[in-house]
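Q: Starting from these lines, generate the structure:
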Amino acid sequence: MTATLPTLAAFALFTHPLALPSWALLVMLLPLCLAVAIIYKAVRTTDIRRLAMEILTLFLYMLAGLAALMITGYAIVAWR
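A: Residues are numbered from 1 along each chain as shown. This is a model prediction of the structure:
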């Protein structure tokens with residue numbers, strides 16, 4: 001059985017992942033949170049006129065929650 005080149009390339013990314021600096025991983029959270037907020041609010045909203053404000057609010061809540069988790073995790077690690 002032969003595999004095509006895109007299949008091999010996709011498999012190689014899982015067996016040999018790209019080395020990214022830690023700041024790049026944090027920056028990648030922003031579009032992920034924004035995409036989740038857009039999709040969730042697009043499905044759950046009841047008033048389309050308030051959609052943009054609800055997306056922004058959820059996005060900021062998600063960022064605040066992630067920041068709180070990061071600060072808490074850092075405090076726990078630093079306390080030990």
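
Q: Check which helices and strands the longest helix seen in the chain sits against.
A: Scanning the chain for the helix with the most residues, using DSSP state H, yields helix 51-79. For helix 51-79, the elements it packs on are helix 29-44, judged by 3 or more Cβ pairs under 8 Å, 6 or more residues apart in numbering; DSSP states H and E. (Each C-beta comes from the backbone N, C-alpha and C, glycine too.)

Q: and the angle for the helix it packs on with helix 51-79?
A: 140 degrees (axes from the mean of the first three to the mean of the last three Cα atoms, to 10 degrees).

Q: Any buried residues in helix 29-44, and which?
A: Under the neighbour-count criterion of 16 or more other Cβ atoms under 10 Å, helix 29-44 has 33-34, 37, 41 buried.

Q: what do you get for stretch 46-65?
A: 54-55, 58-59, 62.

Q: avg pLDDT for that stretch?
A: Confidence for stretch 46-65, expressed as mean pLDDT, is 96.

Q: tell me the secondary structure for residue 46?
A: What DSSP: H, G, I helix; E, B strand; the rest coil gives for residue 46 is coil.

Q: What distance do you get for residue 19 to residue 25?
A: 11 Å (Cβ to Cβ, to the nearest Å).

Q: The two: which is more packed in?
A: residue 25 (9 against 6; other Cβ atoms under 10 Å).

Q: Tell me the pLDDT of that one.
A: For residue 25, the predicted pLDDT is 84.

Q: re the thing from before, from the buried residues of helix 29-44, which is closest to residue 47?
A: residue 41 (10.9 Å; Cβ to Cβ).
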